[in-house]
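Colleague: When you get a sec, could you give me coordinates for this:
(chains A and B)
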Protein chains: 2
Amino acid sequence: MLVIKLGGGAGIDYEAFLDDLARLDEPAVFVHGGNAELDRVSKRLGIEPRHVTSSSGQSSRFTDRETLDAMLMVYCGKINKTLVEGLQRRGVNAVGLSALDGRIAVGRRKPAIRVIEDGRPRMLRGDYAGSIEAIDARLLTLLLEAGYLPVLTPPALSHEGEAINVDGDKLATEVAVALGADQLLVFSNTPGLLADVKDESSLVAAISLANMAEAGAMAQGRMKKKVQAAQDAVERGVGRVVFADARIERPIARALEGDGTTISA
Amino acid sequence: MLVIKLGGGAGIDYEAFLDDLARLDEPAVFVHGGNAELDRVSKRLGIEPRHVTSSSGQSSRFTDRETLDAMLMVYCGKINKTLVEGLQRRGVNAVGLSALDGRIAVGRRKPAIRVIEDGRPRMLRGDYAGSIEAIDARLLTLLLEAGYLPVLTPPALSHEGEAINVDGDKLATEVAVALGADQLLVFSNTPGLLADVKDESSLVAAISLANMAEAGAMAQGRMKKKVQAAQDAVERGVGRVVFADARIERPIARALEGDGTTISA
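Modeller: Take a look at the predicted model:
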């Protein structure tokens, strides 16, 4: 069992990715994001994307209800269904879902977050974001056993029954752990973890749990979260995690052959 | 087994509708549209909705690829997932799907349509619209048997694997026939079929197949399509079809109690 995560960054070759996914001959869950497209559509809708810095220094998108609605449109609507359409065109019987559907992922909403704005701490209310606390794998298992390819995207569901923005890598990790996946492949618009973020030839080929601290120190920006999520996945039983490039031909086959950064016990 | 269709027109009380749906104690498939919201969002995105009149006199939305993308955003994203969120909040384990997912509805795309513009006939190309030719009820049955409530919306899938805009009432009809539903309840922002479209008290309470021609002659605009679809459903084995009002409290219970227009053999 594979869990395959595709980020929503610029430069991704979706056609090559779907071609490769259609050639895969083992059961898989396909998880995707949609950040870059959400920014584009928000701008067209006249919603200014708002990124905030938490008191711990992490940057994230502030998801007010209007932004959440835009997220439903872009992640669950345009991107999810365009991927399903592309897979169906290639003969793959895909089923597109959000983590709301069938309560796949339930988590805790943090309605107020402590942020730093203009150097000062303040509380920001009305955020529809949270962290995943439980996975119900029943729907995914039902679909996999019937031969469907689940295509899954945020948001998740809060305990109070609200849609909440959750991190896509975290969603993929939690699903991989819940399903006992052999491998979790995490694709984005970089070749993997780079020792020097400006030099794509400085790829780190392998990390073990023993040298995670070193890898964590190397990682910049969003890659920090990815490294944490990968460590978490391996510690909780996923065979290996691979960070791999989605801008190339045969991206999935190449990741399975050993390209990218492999994280294992 | 019930199939419940909710239109996307103005004035619908979604909260009352979901409250009532959550009280239902028999298996159901919930089908919805999203026309009014699609017009609103299209306008915000700077896409001018284009309605065309076919050579046979029927008015329909012209769905170029940009409009289809907006439709994916509104129908499959915002509306479908907001309904799923509302049902989950009420304790109903809903699963939101388009008719692309699991190839629920496959049909024929008509890439060119003959329209009348400024009184003259012309061929218009690039339409992503079509008619449903086959239902694969396997995914819906799988979900119903596992206790989920499927929430289904257009588009459907063409034989060539493209998303195609299909009529929501037609989708509900085809699903009701394929599942052998006892009843198909069709909700919109009118009390049912009116003898005089301007007088809501002129409700026609019952139509049988014997007086369908009369009912067809009474129906105006979109109601013509609804009457045709209802006749089709009853002729193909659905126990009865009810046209009912979605602007009121307990809309589903009242339709089951006999409010609205009932069409039966």
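Colleague: C-alpha from now on. contacts and neighbour counts both.
Modeller: OK.
Colleague: which residues sit in contact with A:P191?
Modeller: Residues near A:P191 by CA atoms under 8 Å, 6 or more residues apart in numbering or on different chains: A:E200, A:L203, A:F243, A:A244, A:D245, A:G260, A:T261.
Colleague: and if you look at A:D182?
Modeller: So A:D182 contacts A:M1, A:L2, A:V238, A:G239, A:R240 (CA under 8 Å, 6+ apart).
Colleague: Does the worst-scoring helix or strand of chain A on mean pLDDT pack against any helices or strands, and if so which?
Modeller: Ranking every helix and strand in chain A by mean pLDDT, DSSP states H and E puts strand A:59-61 at the bottom, with a mean of 80. Counting contacts by 3 or more CA pairs under 8 Å, 6 or more residues apart in numbering or on different chains; DSSP states H and E, strand A:59-61 is packed against strand A:51-54.
Colleague: What separation is there between A:V74 and chain B?
Modeller: Counting by CA to the nearest CA, to the nearest Å, the separation of A:V74 from chain B is 6 Å.
Colleague: wait, is that residue part of a strand?
Modeller: No: using DSSP: H, G, I helix; E, B strand; the rest coil, the assignment for A:V74 is helix, not a strand.
Colleague: Close to chain B: what parts of chain A are there?
Modeller: Neighbours of chain B within chain A, by CA under 8 Å from any CA of the partner chain: A:44-46, A:69-70, A:72-78, A:81, A:84-86, A:88-90, A:93-98, A:100-103, A:148, A:157, A:160-163.
Colleague: if we can go back for a sec, what's the lowest-pLDDT member of the contacts of A:P191?
Modeller: Among those, A:E200 carries the lowest pLDDT, at 91.
Colleague: shouldn't it be in contact with A:D245?
Modeller: No: using CA atoms under 8 Å, A:E200 is not in contact with A:D245, being 10.8 Å away.
Colleague: intersection of neighbour lists for those two?
Modeller: Residues touching both A:E200 and A:D245 (CA under 8 Å, 6+ apart): A:T190, A:P191.
Colleague: Please say which of those two ends up with more neighbours.
Modeller: A:D245 (25 against 14; other CA atoms under 10 Å in any protein chain shown).
Colleague: right, and that one touches A:G260 too?
Modeller: Yes: counting by CA under 8 Å, A:G260 is a contact partner of A:D245 at 6.9 Å.
Colleague: Check the offset of the least confident helix or strand of chain A from the chain's centre.
Modeller: 15 Å (CA atoms, centre = their mean, to the nearest Å).
Colleague: repeat for stretch A:128-143
Modeller: Relative to its parent chain, stretch A:128-143 has a centroid offset of 13 Å by CA atoms, centre = their mean.
Colleague: any residues touching that stretch, and which ones?
Modeller: With CA under 8 Å, 6+ apart, stretch A:128-143 has contacts from A:29, A:62-65, A:68, A:102-111, A:149-150, A:156, A:158, A:163-167, A:170-171, A:174-175, A:178-179.
Colleague: that older thread, in ChimeraX, how would I select just the buried ones from the residues of chain A next to chain B?
Modeller: Per 16 or more other CA atoms under 10 Å in any protein chain shown, the buried members of the residues of chain A next to chain B correspond to this ChimeraX selection:
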select /A:45,69,70,72,73,74,75,76,77,78,81,84,85,86,88,89,90,93,94,95,96,97,98,100,101,102,103,148,157,161,162,163
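Colleague: And whichever strand or helix holds A:I263, what does it pack against?
Modeller: In this assignment (DSSP states H and E), A:I263 forms part of strand A:261-264. Using 3+ CA pairs under 8 Å, 6+ apart as the contact test, the elements touching strand A:261-264 are strand A:206-208, helix A:222-235, strand A:240-245.
Colleague: roughly how far is the longest one from the heart of the chain?
Modeller: Using CA atoms, centre = their mean, we find the averaged C-alpha position of helix A:222-235 to lie 11 Å away from the chain's own average C-alpha position.
Colleague: Just list what that helix packs against, helices and strands only.
Modeller: helix A:168-179, helix A:212-218, strand A:240-245, strand A:261-264.
Colleague: So which of these is nearest B:A213?
Modeller: helix A:168-179 (54.3 Å; CA to CA).
Colleague: quick one: contacts of that closest one?
Modeller: A:1-5, A:7, A:31-33, A:105, A:132, A:135, A:137, A:141, A:153-154, A:183-184, A:186, A:226, A:229-230, A:232-233, A:236-238.
Colleague: Same question for stretch A:18-33.
Modeller: A:1-8, A:75, A:80, A:83, A:86-87, A:90-92, A:140, A:144, A:147, A:149-154, A:168, A:171-172, A:250-253.
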